[in-house]
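Visitor: The sequence and its predicted three-dimensional model are supplied below.
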Amino acid sequence: MHHLKITLLPFVLTSFFSVAVFATVAPQTQQKIQQQLQKIIPNAPQASIVESVIPGMFEVSVGPLIIYMSADGKYAFNGSLINLDTRENLTDLSKANARNEAMAKVPESSMIVYPANGKQKHVITVFSDIDCPYCHKLHKEIPEMNQAGITVRYMAYPRSGLNSPSYFKAVSAWCADNPAKAMDDAMLGKTLPKKQCDNPVEMHMEQAQFFGVNGTPNIILDDGNMIPGYVPAKELVQILNE
């Protein structure tokens, strides 16, 4: 993820409303904010800009990155916007919605999927690294999650980068005749036959950057919330069922 290159307030608390008012944003406001955003985040794509609950401030989202800017683009803050009446974190809600929208655009066919047993209750997407010890630990608990009605989908995030040993292990798993079985073997420390094919590993790594993933396993829940690390299966099931 890109980092803001200006000093931003750490957070703002508000009790005005519980949801943002999604009114039409004037074209000149959109233009000013987008122009300033390009200075903050070079080569930033077109942002989604809506009115925030604070009069005169706009919620600006580039994927899961959420900041708030004034109509003239001169002022911004980065942090959590909280409704004090409901204790609801409006920023986290916006981020979760943005993640859901982004994840919906990633083809499931590009993932290694371990389907739920029986009726599917939840779907989680895990950015995983074959050489990550905590990924091994989580992988061992997939049968328990499947039994609880949770489908587990893997996206590749070899943290050591492109053309590293971890990268080529991921490519070999995704290119295997049976990718799920190959991933099982790899997570047990077995050496996979080296294979090459058209594969989504690099695309998944780009998505990881877009989602702000900086470690593994990184778990995206089906409500768009993100857990940046290992969570035991029993705890994860409880979180999903709350």
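Guide: Okay, I see it. Numbering: from 1, shown residues only.
Visitor: Report how many residues lie close to Glu141.
Guide: Counted with other Cβ atoms under 10 Å, residues neighbouring Glu141 total 17. Yep, even glycine has a C-beta here, placed from its N, CA and C like the rest.
Visitor: ok, how many other residues are close to the spatially closest residue to it that is not a sequence neighbour?
Guide: Sequence neighbours aside, Ala233 is the residue nearest to Glu141 in space, at 3.8 Å (criterion: Cβ to Cβ, 6 or more residues apart in numbering). Ala233 has 20 neighbours, counted by other Cβ under 10 Å.
Visitor: Also Gln28?
Guide: With other Cβ under 10 Å as criterion, Gln28 counts 10.
Visitor: Give the other helices and strands that the helix or strand hosting Lys234 contacts.
Guide: Per DSSP states H and E: Lys234 is located in helix 233-241. Secondary-structure packing of helix 233-241 (3 or more Cβ pairs under 8 Å, 6 or more residues apart in numbering; DSSP states H and E): strand 122-128, helix 142-147, strand 150-156.
Visitor: Repeat the analysis, applying 7 Å as the threshold.
Guide: Counting contacts by 3 or more Cβ pairs under 7 Å, 6 or more residues apart in numbering; DSSP states H and E, helix 233-241 packs against helix 142-147.
Visitor: How far off centre is the helix it packs on?
Guide: Taking Cα atoms, centre = their mean, to the nearest Å, one finds helix 142-147 lying 22 Å from the centre of the chain it belongs to.
Visitor: Give me the packing partners of it, helices and strands only.
Guide: Checked by 3+ Cβ pairs under 7 Å, 6+ apart, helix 142-147 has helix 233-241 packed alongside it.
Visitor: run the last query once more with 10 Å
Guide: Judged by 3 or more Cβ pairs under 10 Å, 6 or more residues apart in numbering; DSSP states H and E, helix 142-147 is in contact with strand 112-114, strand 122-128, strand 150-156, helix 179-187, helix 233-241.
Visitor: What residues sit buried inside that helix?
Guide: Ile142, Met145, Asn146 (16 or more other Cβ atoms under 10 Å).
Visitor: wait, the first one sits on Asp184?
Guide: What it means is Ile142. Yes. In this structure Ile142 lies within contact range of Asp184 using Cβ atoms under 10 Å: 8.9 Å.
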